[in-house]
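**Q** here is my input; please provide its structure:
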Amino acid sequence: MKNIYSLITCLLISLILINYRITYSEINTEKPFKVTTWDAFGYYLYLPSVFIYHDITQLKWLPDIDKKYQLSGGNIYQANLMENGNNVFKYLGGVSILELPFFIIGHIIAINSHYAADGFSPPYQYALSYGILCYFLLALFLLRNVLLRYFSDLTTLLTLLLVCLASNAVQYAACDSAQSHIPIFFLYAAVLYTTIRWHEKPTLLWASLTGYIIGLATISRPTEAIMFLIPLLWNTHTKEMAAQKWALLKTHKLHLACIFLFGIVGIFPQLLYWKITTGKFIYDVGSKWTFLNPFFRVLFGFEKGWFIYTPVTIFFVAGLFFVKPYPFKKSVWWFCLLNIYIIISWFDWRYGGSYSTRALVQSYPVFALPLAALIEQINLKKWRYVFYGAAGYMIFVNLFQIWQYNNNIIHYDHMNRLYYGRIYLNSHPSPLDVSLLDTDEWLKDEELYSQEAIFQTDSVRWVKSVEESYLILFETPLKNIKTISSVDGWLKIEAEIKLLKGDGHFNSKLQYGDSVKLNSIRLLNPITHWGRLNNYAFYVNVPSFFNKGNFTFSLNKSQQFDGSIEKIKITYFRKK
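**A** Residues are numbered from 1 along each chain as shown. From the prediction side, this is the model:
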């Protein structure tokens, strides 16, 4: 069979992602399975509003549903109250249109079972999560078809492996699958396919489908409107081909009209919804951009940097320099660069909780083309096996980090360089490691320092919610430390707490006169377990300036806090 290896690769990727979906569905656990949470909740709300509650303006049913399932994140930011008394959804409805078939499946199961047919019970959650995965797998096979038109079977299979398994696409296809990214990922794969088919043999069908896909993508996320660059600039990579392209368009003016008409058809449901809820066909959902001051940390920052956490994306961009001979040259160049520029110019550059930069995931089918162009050239080199080894390593690291992310070791919003360095390929970070989520102070080698235990207790102290929120656990003048000297020193603070409920922080304070130095670490960290003893530790640098001042160690807790402090040890370190 021709191109059998890329087909086997697609099947292998499918099995891996299905396994991920099953693994992260939290089957047989006490925690309910939910995918329609936070932003995903906002994209999904159209379906139960229209088909179950028949209420898209007042949303009287929404607070009770959110109270029952706890989906919105706390304040139902997914809908805004208008001056006319109506509520309007913050997120656009294109994704919900794509989710509709799986909503129907979930609803049929719910009404024929003991589950509530309310749009949010387990049948809907499972139908949606596996349905979105189906979109990804369909896109995978479409993308294979596209790549094989220009590249070898080997290049195609390597490209698919890297796009699907070495990137954060895994997370949003198989774990956080109800987000908008994978349905739009499918639309990008589809528009590549329809664009190619129209250029191979122009027909009204392919023109109409292309227009509708662009329209539907636009009401999924408005910035996806730049998808139109793909068919517009396709096959314009040389002056001669560009002239032929424009001549072809002139002879198929009806096709252009169909693209425009079906683009409007794709957009129309959103316009109708806005007209019903706001009285206007166009509504500003509150987008904010900083085009004159883009956030390059989206790409390079240790918070969620695209190139940092998913370095395979460096090859996505590097491949742009190898697309010159291909008909998609200008399409890919203009789309990819403009897309990146738009994404890094969004005011909320962190894009909420995410692994790497999730806002670029949907456009990976387009980035697959320059990646394939690069790999095609690498396959001709003697050192290609070095690249194959690097590709395998990137896949391994990415899948390991996906595991870390879903086990809260990689934090969804608070990552930094020091912490990432300590947890890189580390499945069991220590209390000192996780302290770097909150502090940048680290003593590299304790053996180089003399040590003095300045406080130690094994007595159990129960802390209830009725107590003050700020509790001093230990304080002392630093001059009482026997080994203190005129040079900088270090404190190492260790404690054990059994957490039953609530949250809080351990705080250290150095004070001399009006000068204060504060350090703080969270109690709820990646290795915290409810109802069990949890170990905490962190370092505090003690500048010599504070040696005549005071040190205070305290607990700052929430009102709902309930637990016990069972051990505290504070050690002073002085350079030998």
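**Q** confirm V88 sits in a helix?
**A** No: under DSSP: H, G, I helix; E, B strand; the rest coil, V88 falls outside any helix and is assigned strand.
**Q** which ones are touching it?
**A** Listed by C-beta atoms under 8 Å, 6 or more residues apart in numbering, the contact partners of V88 are A79, N80, M82, W274, T277, T278, Y283. From N, CA and C alone the C-beta is placed, and that goes for glycine too.
**Q** now a PyMOL select for only the buried ones of the residues you listed.
**A** Command for PyMOL that selects the buried part of the contacts of V88, burial taken from 16 or more other C-beta atoms under 10 Å:
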select buried, resi 79+80+274+277+278+283
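**Q** of the contacts of V88, which belong to strands?
**A** Those of the contacts of V88 mapping onto strands are A79, N80, per DSSP state E.
**Q** widest-spaced pair of the contacts of V88?
**A** Pairwise distances across these (C-beta to C-beta) peak at 13.4 Å, for the pair A79 and W274.
**Q** redo the contacts of V88 as a markdown table? Include distance to Y512 and pLDDT.
**A** Formatted as a markdown table, these follow (distance: C-beta to C-beta, whole Å; pLDDT from 0 to 100):
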| residue | distance to Y512 | pLDDT |
| --- | --- | --- |
| A79 | 51 | 97 |
| N80 | 50 | 95 |
| M82 | 55 | 95 |
| W274 | 60 | 98 |
| T277 | 59 | 98 |
| T278 | 59 | 97 |
| Y283 | 56 | 96 |
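**Q** now the strands for the stretch 401-550 of the chain?
**A** In the stretch 401-550 of the chain, the strands defined using DSSP state E, counting those that start in this stretch lie at 449-457, 461-463, 470-477, 489-501, 504-512, 515-522, 533-542, 550-557.
**Q** relative to K382, which of these is closest?
**A** Checking those against K382 by C-beta to C-beta gives strand 533-542 as the closest, at 48.4 Å.
**Q** now L205: which helix or strand?
**A** Assigning secondary structure by DSSP states H and E places L205 in helix 204-218.
**Q** and that helix, what does it pack against?
**A** helix 94-111, helix 181-200, helix 253-278 (3 or more C-beta pairs under 8 Å, 6 or more residues apart in numbering; DSSP states H and E).
**Q** between these, which one is nearest to R350?
**A** So among the helices and strands packed on helix 204-218, helix 181-200 is nearest, using C-beta to C-beta, at 15.6 Å.
**Q** now the angle from that closest one to helix 94-111?
**A** Going by axes from the mean of the first three to the mean of the last three C-alpha atoms, to 10 degrees, helix 181-200 is angled at 120 degrees with respect to helix 94-111.
**Q** now the angle from helix 181-200 to helix 253-278?
**A** 160 degrees.
**Q** in helix 181-200, what's buried?
**A** 181-198.
**Q** what is the least confident helix or strand in the protein?
**A** Every helix and strand in the chain was compared by mean pLDDT, DSSP states H and E; the lowest is strand 461-463, with a mean of 90.
**Q** residues touching that one, excluding its own?
**A** Outside of strand 461-463, the residues within contact range by C-beta under 8 Å, 6+ apart are L471, L555, K557, F561, D562, G563, S564, I565, E566.
**Q** that one pairs with which strands?
**A** strand 562-575 (antiparallel) (DSSP bridges).
**Q** ok, back up a step: can you give me how far the least confident helix or strand of the chain is from the chain middle?
**A** Mean-position distance between strand 461-463 and its chain equals 38 Å (C-alpha atoms, centre = their mean, to the nearest Å).
**Q** same deal with stretch 309-327?
**A** Counting by C-alpha atoms, centre = their mean, stretch 309-327 comes out at 22 Å from the chain centroid.
**Q** where does this protein have low pLDDT?
**A** 26-30, 466-467 (pLDDT under 70).
**Q** which residues touch the residue nearest to the spatial centre of it?
**A** Nearest residue to the geometric centre of the chain (C-alpha atoms, centre = their mean): S354, 2.5 Å. Neighbouring residues of S354 by C-beta under 8 Å, 6+ apart: N168, K304, Y412, D413.
**Q** tally of neighbours for the second one?
**A** Residues near K304, counting by other C-beta atoms under 10 Å, number 28.
**Q** ok, now the third one?
**A** Using other C-beta under 10 Å, the number of residues around Y412 comes to 14.
**Q** same question, K239
**A** K239: 8 neighbours (other C-beta under 10 Å).
**Q** many thanks, I have nothing further to ask.
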